[in-house]
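Engineer: how would this look folded up:
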Amino acid sequence: MESISPAEFAARRAQLLAFLASQERPAAAVLSAHPERQRSRDTDYPYRQHSDFYYLTGFTEPNALLVLRPGSAAQQHIFVQPSDPHAEVWHGRRLGVDAAPARLGVDQAYSYEHDIEQLTELLDGVETVFYLFDDTNLADLLQQVGATMRRPKSGYQAAAQYGDLSTYMAQQRLYKSAAEIALLRKACSISAEAHKRAMKACKPGLYEYQLAAELHYQFAYHGALSPAYGSIVGGGDNACILHYTENSSALADGDLVLIDAGAEYQGYAGDITRTFPVNGRFSADQAALYEVVLAAQAAALAELRPDSTLEPAQLAAARAITEGLLALGILTGSLADNLEQASYKRFFIHGLGHWLGLDVHDVGTYEVNGSKRVLEPNMVLTIEPGIYIPRGLGDVDARWHGIGIRIEDDILITADGYDNLTAAVPKTIAEIEQWMRNQ
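Structural biologist: Residues are numbered from 1 along each chain as shown. As a prediction, this is how the structure comes out:
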């Protein structure tokens, strides 16, 4: 089974320790696990670890802290839930304090029940504490630790300043290792087979949630125990709602259905969108609009290469969509005027793509020092143009109403171009119709 090795997690922590050691003042980093979230009364939502915490530890339990402080004999510290046979009978096994150092490759472990007292000791004399500023729970904890240190005659030296660790973590996670790429390939492969299964199962009269069930079965059967995000299955006009997740309507003969869904495998996300006819046959109008989106994706993909940016791909997709909408009479006027006015944005209402990794909309900026970020090998992103024409647009011919189309693939930037990790899912009209016809 694909996995990240303990040595790789250790190397990531070593890089962060080197970053901390490079600071002008003595520095430490503190990261916390995600808390559990209550669903209703005595039931919680399925637990999912904080991506940055997982990236550095591989640890999947809640109620945990990681503390890294360079320059001392023990530099790596973790707080975990203590072993508790009674609690474990009810809620599952815990790693425990005694087993944590060897299993996680850290120097020392402590009980999470004593976080304030022990953190006070660990952070004494640290002048800069780095943490994720959006972690409000940890901010409150660090405030309590600081208050303890500042008590009269406490004997402790509290931090003089705090730094946001988000930029550092985003930069590290933007470049995928060989092991991460293997996990992403697996997540994409499982996702691709799920989309193919849903295409096969689709027929008029099914409900959107029944197609979602086909996806989720395929995910779980192949070891992806949850979707990477809320699966979108939108038939007809529902496809024009970008983050539609109700998945409650019946699928009508003659409509298209848009599925945007991906599996999460060992923490890593797949993210695929395909749009296809409920009855297995595109109408002439559906096919015409679909070909515009397909051409836009092809134009964007042709621009992807290392040492370029996403901007040429965005411009290529915009031009292809504008040309296509003009040819169909949905836009009017000259190509130049429409491009200058970005008229296509009325129908292509989102960006071309996003980073992909431990989060489906993964961390990493799209600009660096005011310039577009240059693509480099081992970056992974989606390319997903779309056209959406909801019902009720009075200035658009009714023949196009209720059609939403998006085509999305997951792309690995390589040394000489790119690798489409989700190419296995039928995408051309001929491929889709043939796949759905061969039941």
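Engineer: from now on I want contacts and neighbour counts done on CA atoms only, so please keep to that.
Structural biologist: Fine.
Engineer: where does the residue lying farthest from the centre of the chain land in three-state SS?
Structural biologist: The centre of the chain is farthest from one residue, K153, which by CA atoms, centre = their mean lies 47.4 Å away. Three-state assignment for K153 (DSSP: H, G, I helix; E, B strand; the rest coil): coil.
Engineer: now swap in G230 and tell me
Structural biologist: Applying three-state DSSP: G230 is coil.
Engineer: list phi and psi for it.
Structural biologist: phi -60, psi 120 (degrees, to the nearest 10).
Engineer: which residues touch the closest residue to it other than its chain neighbours?
Structural biologist: Ranked by CA to CA, 6 or more residues apart in numbering and with sequence neighbours excluded, the top spatial neighbour of G230 is T245, at 6.4 Å. By CA atoms under 8 Å, 6 or more residues apart in numbering, the contact list for T245 reads 230-234.
Engineer: max-length helix in this structure?
Structural biologist: Assignment by DSSP state H gives helix 178-201 as the longest helix of the chain.
Engineer: any idea how far that helix is from the middle of the chain?
Structural biologist: Computed by CA atoms, centre = their mean, to the nearest Å, the separation of helix 178-201 from the middle of its chain amounts to 14 Å.
Engineer: returning to what we had before: give me the pLDDT value at the residue farthest from the centre of the chain.
Structural biologist: For K153, the model assigns a pLDDT of 85.
Engineer: quick one: which helix or strand includes the nearest residue to G235 once chain neighbours are set aside?
Structural biologist: Distances taken as CA to CA, 6+ apart place V257 nearest to G235, at 4.0 Å, with adjacent residues excluded. For V257, the host element (DSSP states H and E) is strand 256-261.
Engineer: the following helix or strand past that strand pairs with which strands?
Structural biologist: Downstream of strand 256-261, the first helix or strand assigned by DSSP H and E is strand 263-265. If you go by DSSP bridges, strand 263-265 pairs up with strand 226-227 (antiparallel), strand 268-269 (antiparallel).
Engineer: not counting the first one itself, show me its contacts.
Structural biologist: Spelled out, that is strand 226-227. 216, 219-220, 261-264.
Engineer: also the last one?
Structural biologist: Among residues not part of strand 268-269, those counted as contacts by CA under 8 Å, 6+ apart are 180, 183-184, 187-188, 228, 262-263, 356-360.
Engineer: next, the buried residues of the helix or strand harbouring E431.
Structural biologist: Using DSSP H and E, E431 sits in helix 429-437. Buried residues in helix 429-437, counting neighbours by 16 or more other CA atoms under 10 Å, are found at 429, 432-433, 435-436.
Engineer: what does stretch 80-95 give?
Structural biologist: Neighbour-count burial for stretch 80-95, counted by 16+ other CA under 10 Å, picks out 80-83, 94-95.
Engineer: if I look at G235, how far off is A198?
Structural biologist: 13 Å (CA to CA, to the nearest Å).
Engineer: next up, the contacts around N238.
Structural biologist: Applying CA under 8 Å, 6+ apart, the residues contacting N238 are 244, 402, 404.
Engineer: hang on, the earlier thing: between G235 and A198, tell me which one has more neighbours.
Structural biologist: G235 (28 against 21; other CA atoms under 10 Å).
Engineer: for D134, which three-state class applies?
Structural biologist: coil.
Engineer: what of Q172?
Structural biologist: From three-state DSSP, the assignment for Q172 is helix.
Engineer: can you tell me how far it sits from H86?
Structural biologist: Counting by CA to CA, the gap from Q172 to H86 is 40 Å.
Engineer: equivalent analysis for R13, please.
Structural biologist: R13 is 33 Å from H86, by CA to CA.
Engineer: what do you get for E113?
Structural biologist: Between E113 and H86 the computed distance is 16 Å (CA to CA).
Engineer: and A424, by the same measure?
Structural biologist: Where H86 is concerned, A424 sits at a distance of 48 Å (CA to CA).
Engineer: now swap in A318 and tell me
Structural biologist: 60 Å.
Engineer: cool, and D260?
Structural biologist: 42 Å.
Engineer: so where do the helices sit in the stretch 1-150 of the chain?
Structural biologist: For the stretch 1-150 of the chain, the helices defined by DSSP state H, counting those that start in this stretch cover 6-21, 51-57, 85-91, 100-104, 115-122, 136-149.
Engineer: quick one: list the elements packing against the second one.
Structural biologist: In this case it means helix 51-57. On a contact count with 3 or more CA pairs under 8 Å, 6 or more residues apart in numbering; DSSP states H and E, helix 51-57 meets helix 6-21.
Engineer: buried residues of the helix it packs on, list them for me.
Structural biologist: Applying 16+ other CA under 10 Å to helix 6-21 flags 8-10, 12-14, 16-17, 20-21 as buried.
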